[in-house]
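[1] Sharing a sequence plus its predicted fold:
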Amino acid sequence: MSVTMPLSDFNRNPSRATRLARVGSVTITDRGQPAFELRAVEQPSMRFEALVRAGVLAPPRLRSTEGLPDFGVDPMVARAIVAEADREKTARDY
């Protein structure tokens, strides 16, 4: 859905324009000529999920804690430790 709105209306009621932009694009005109376009920003996670569904990308693999000795540590704690180690490794990769 595309809506056209004069700049004067946008200046008086920008929240209306943002509500409309969540549904489609809003073309803002200045003296009858298209001047700006307002639309919602697509969330990166939504784009990633769409690419996974299309088969372009594969979802990330999770490292398994199966087969590791548990040393009496709760499996959830072990997973958290592995996840933290992964984050630290990613942060220091050059």
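    Yes, it's here.

[2] residues near residue 35, how many?
    Neighbourhood size, residue 35 [other CB atoms under 10 Å]: 13. C-betas here are computed from N, CA, C, even on glycine.

[3] and it, that's in a helix?
    No: note on residue 35: no helix contains this position according to DSSP: H, G, I helix; E, B strand; the rest coil, which reports strand.

[4] what residues are up against it?
    Listed by CB atoms under 8 Å, 6 or more residues apart in numbering, the contact set of residue 35 reads 7, 28-29.

[5] Try it again at 6 Å.
    residue 28 (CB atoms under 6 Å, 6 or more residues apart in numbering).

[6] 6 is where my numbering starts, stick with that
    In the new numbering, first residue 6, that becomes residue 40.

[7] pretty sure residue 22 contacts residue 15?
    Yes: using CB atoms under 6 Å, residue 22 makes contact with residue 15 at a distance of 5.1 Å.

[8] Quick check, pLDDT for residue 49.
    Per-residue pLDDT puts residue 49 at 60.

[9] which residues of this structure fall in helices?
    With DSSP state H as the criterion, the chain has helices at 12-17, 19-28, 49-59, 80-97.
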